[in-house]
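Trainee: 3D, please:
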Amino acid sequence: MEKRRLGKTEMDVSVLGFGGSEIGYERASAEIVAELLNSALDAGLNVIDTAECYYNSEELIGQAVGDRRNEFYLFTKCGHPHGVESSANWSKASILENVERSLRRLKTDRLDLLQLHSCSEAELRKGEVVDALQTARNKGYTRYIGYSGDSHSARFAVECGAFDVLQTSINIADQEAINLTVPLASKNEMGVIAKRPIANAAWKTGHRPIDSYHHEYWERLRKLNYDFLQRDLTNSISIALRFTLSVTGVHTAIVGTKKPKRWRENARLLEAGPLASTEFESIRERWEECAPRTWIGQI
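Mentor: Numbers count the residues shown, from 1 in each chain. Alright, predicted model coming up:
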């Protein structure tokens, strides 16, 4: 699998990474996660991204591949120690305490990347959260620090110069970052991780998704009405994923699943090669034509 250097870090990351939210939120079994992650590592994936608030995702990852720790880059996020449904805690003491908890859960003594999880611009400006991550790095808890978030908070995170990596939403239904943050991140030699890279495949059933998390993309895609979404589902997902990875400055795309066969299927979607420049520009032009300014990056 193709690998790209993650900005100014020393990490050469696979263009597909594993996102750990689904295995937590959808209560995947330890057996399924072990099969899923071990097969993904065997096939060349070398990025695993999770967060402290994805229920037991960190524990599942630690149990499944803790003994293969030297074979992949391990990323997690902090700021929501009691879950995303509860209030965030951006105090330095809380962040450091919960990073230590994440290390125990993940069965490791060091992360490759520690990220603030959707922290507001107001909190970033106070400075305590940045100090907390820098302290975690100085203590040896993590090699690099990053910001995971969207829109103008992400723009400030890039501008402030404190972070090595930006993780942000980039897909056919979420293109604000392509102009707002990614070019500046590239200029600053930051790594860029694309989250939600296939827009949750919100179009896949042809009906409004049950999960409200997917509703915004469903509504946007109805208006965008890309021709390729009428094609075979495998083909349309391939185009969507290859679009995201064709954005200049993007180094890896994080895809979540709890189905062991799905990761290999996603890897095969890239065998078609880079998206043709004409098709990429057609998607971009459609966005510029249809997207109102209220279509900001989605968390």
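Trainee: Helices of this structure, start to end?
Mentor: For the chain, the helices defined by DSSP state H occupy 21-25, 30-42, 57-65, 92-106, 121-126, 128-138, 151-160, 176-180, 182-187, 215-224, 233-246, 260-269, 277-290.
Trainee: Put the alpha carbons of the fourth one into CSV.
Mentor: Right, the one you point to is helix 92-106. What follows is helix 92-106, C-alpha atoms only, in CSV (Å, rounded to 0.1, in the frame of the first residue of the first chain):
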residue,chain,number,x,y,z
LYS,A,92,-4.0,20.5,31.9
ALA,A,93,-4.4,18.1,34.9
SER,A,94,-7.3,16.3,33.3
ILE,A,95,-5.6,16.0,29.9
LEU,A,96,-2.4,14.6,31.4
GLU,A,97,-4.3,12.2,33.7
ASN,A,98,-6.3,10.9,30.8
VAL,A,99,-3.4,10.5,28.5
GLU,A,100,-1.9,8.2,31.1
ARG,A,101,-5.1,6.3,31.2
SER,A,102,-5.1,6.0,27.4
LEU,A,103,-1.5,4.6,27.5
ARG,A,104,-2.7,1.9,29.9
ARG,A,105,-5.7,1.1,27.9
LEU,A,106,-3.7,0.9,24.7
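Trainee: returning to that earlier point: indicate which one of the helices of the chain is closest to residue 72.
Mentor: Residue 72 lies closest, by Cβ to Cβ, to one member of the helices of the chain: helix 30-42, at 6.1 Å. (Glycine included, C-beta is placed from N, CA and C.)
Trainee: Can you list the buried residues in that closest one?
Mentor: Neighbour counts over helix 30-42 (16 or more other Cβ atoms under 10 Å) mark 32-34, 36-37, 40-41 as buried.
Trainee: who does it touch, helix- and strand-wise?
Mentor: Other helices and strands packing on helix 30-42, by 3 or more Cβ pairs under 8 Å, 6 or more residues apart in numbering; DSSP states H and E, are strand 16-19, helix 21-25, helix 57-65, helix 260-269.
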